[in-house]
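*Asks:* no FASTA, just this:
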């Protein structure tokens, strides 16, 4: 049976999807972008600020499910431009300083709301 997870501390979905779904103890977190859940506005002054907001949004969804970054098994990072890789990686690394998850990072032509970074993850206890 699937359980839908939604946090008021992460931005509301901008389409027909849930922030996360848990099935058989595994949490699948939808891609998060840099929308500030308090204002609904983009938090994208710099790529570092944008990435920090994305990670905070992921953290809020994980927390709502009773998990944290230590439970993350895999992340998928989507970038508008691979030239952002180093800056995104520096922010991302602060959240996974011990036993980081598996991941891939890919550049895509366009992301929702023309953001520069979107990150999704899979987590389990």
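*Replies:* Alright, I've got the coordinates. Computed from a predicted model, the values in this text were never measured in an experiment. Numbering: from 1, shown residues only.

*Asks:* Span of stretch 78-85 from start to end?
*Replies:* Distance between the boundary residues of stretch 78-85 (Cα to Cα, to the nearest Å) amounts to 10 Å.

*Asks:* let's number from 54 now, not from 1
*Replies:* Okay, residue one is now 54; in that scheme the one you just asked about reads as stretch 131-138.

*Asks:* For that stretch, give me every contacting residue.
*Replies:* Residues from elsewhere that reach stretch 131-138 (Cβ atoms under 8 Å, 6 or more residues apart in numbering): 84, 100, 141, 158-161, 163-164, 167-172. All C-beta spots, glycine's among them, are computed from the backbone N, C-alpha and C.

*Asks:* can you confirm residue 176 is in a strand?
*Replies:* Yes: assessed by DSSP: H, G, I helix; E, B strand; the rest coil, residue 176 belongs to a strand.

*Asks:* Thought residue 79 was touching it, still the case?
*Replies:* Yes: the pair residue 176 / residue 79 is scored as a contact, 7.5 Å apart, by Cβ atoms under 8 Å.

*Asks:* higher neighbour count, the two?
*Replies:* The neighbour comparison of residue 176 against residue 79 (other Cβ atoms under 10 Å) goes to residue 176, with 25 against 12.

*Asks:* pLDDT value on that one, please?
*Replies:* Note on residue 176: pLDDT of 98.

*Asks:* I'd like to know how far it sits from residue 85.
*Replies:* For residue 176, the distance to residue 85 equals 13 Å [Cβ to Cβ, to the nearest Å].
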